[in-house]
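>>> sequence plus the predicted model coming up.
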Amino acid sequence: RKEVEQDPGPFNVPEGATVAFNCTYSNSASQSFFWYRQDCRKEPKLLMSVYSSGNEDGRFTAQLNRASQYISLLIRDSKLSDSATYLCVVNSLTSNYQLIWGAGTKLIIKP
Amino acid sequence: SAVISQKPSRDICQRGTSLTIQCQVDSQVTMMFWYRQQPGQSLTLIATANQGSEATYESGFVIDKFPISRPNLTFSTLTVSNMSPEDSSIYLCSVVRAGVNEQFFGPGTRLTVL
């Protein structure tokens, strides 16, 4: 089983729709969780950290379910510019600075 | 945020040769990492670049193939040695600052080995 698993997609979604991604992680002792965004041919950039209480940033909501070991990302009122690959990331237990990366979920927003 | 540059941005190399990739950060950082991202795949950590000492390699990566230097807190190099077509990939440098819970990435080096 991979340490961090995501549905690779692609998710083809009409503009304005709501889309949700899930990600599962294997190690219950993981402490830090993130969603990164990677545009085509670009480097990954942090979208948001995921906190135990859940957090929201504009149209984006991230939630953590420790019991089921999954992380979710919800995008409301999707825009064309949201088209990207969304990477689920979990800290390594050997070092909190090292990260374990999911393979990413590709999102395509269509007009 | 950190401003990170990588050189070269891309290269096409012949089998059996070596390429050194440079990573320069605009300010001192705590940690520097080297990743590989093969087409359609996620990021794989190659090693942690340690300032003034040998890098810490992940399983499947060895110093003879990927020698790394980090002479100071703002600069690191990764060499891809004795290249084969399987080394064709994007190589990314990333950094972490003390007290900042985020990794910043360089723009990447796109390597093609013929």
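On my side now, so go ahead.

>>> which one is residue B:85 nearest to, not counting chain neighbours?
residue B:113 (5.0 Å; CB to CB, 6 or more residues apart in numbering or on different chains). Heads up, the C-betas are built off the backbone N, CA and C, glycines and all.

>>> around residue B:54, count how many other residues there are.
Number of residues near residue B:54 (other CB atoms under 10 Å in any protein chain shown) recorded here: 13.

>>> distance of it from residue A:75?
43 Å (CB to CB, to the nearest Å).

>>> try residue B:90
Going from residue B:90 to residue A:75 by CB to CB gives 26 Å.

>>> please apply the same query to residue B:45.
According to CB to CB, residue B:45 and residue A:75 sit 27 Å apart.

>>> next up, the contacts around the residue nearest to the spatial centre of chain B.
The residue lying closest to the centre of chain B (CA atoms, centre = their mean) is residue B:34, at 3.3 Å. Counting by CB atoms under 8 Å, 6 or more residues apart in numbering or on different chains, residue B:34 touches B:23, B:45-47, B:49, B:55, B:66, B:68, B:76, B:78, B:91-94.

>>> do that again at 7 Å, thanks
Contacts for residue B:34 (CB atoms under 7 Å, 6 or more residues apart in numbering or on different chains) come out as B:46-47, B:49, B:68, B:78, B:91, B:93.

>>> same question for residue A:18.
Residues in contact with residue A:18 (CB under 7 Å, 6+ apart) are A:74-76.

>>> among the residues you listed, who's most crowded?
Among the contacts of residue A:18, residue A:75 has the most neighbours (other CB under 10 Å), with 22 neighbours.

>>> the residue nearest to it when sequence neighbours are not counted - how many residues pack around it?
Excluding the flanking residues, the one nearest residue A:75 by CB to CB, 6+ apart is residue A:19, at 5.1 Å. Counted with other CB under 10 Å, residues neighbouring residue A:19 total 19.

>>> confidence score at residue A:19?
pLDDT recorded at residue A:19 is 96.

>>> isn't it right up against residue A:79?
No: assessed by CB atoms under 7 Å, residue A:19 is found out of contact with residue A:79, at 11.2 Å.

>>> buried residues, stretch B:106-114. List them.
Residues B:106-111, B:113 are the ones in stretch B:106-114 that count as buried (16 or more other CB atoms under 10 Å in any protein chain shown).

>>> stretch B:97-108 vs chain A: in contact?
Yes: with CB under 7 Å from any CB of the partner chain as the criterion, chain A is reached by stretch B:97-108 at B:101-103, B:105-108.

>>> just those residues now: which is nearest chain A?
Nearest to chain A among the residues of stretch B:97-108 next to chain A is residue B:105, at 3.8 Å by CB to the nearest CB.

>>> now the closest residue to that closest one other than its chain neighbours: how far from residue A:72?
Spatial nearest neighbour of residue B:105, excluding adjacent residues (CB to CB, 6+ apart): residue A:43 at 3.8 Å. Between residue A:43 and residue A:72 the distance is 24 Å, computed by CB to CB.

>>> check residue B:43 too.
From residue B:43 across to residue A:72, the span is 21 Å (CB to CB).
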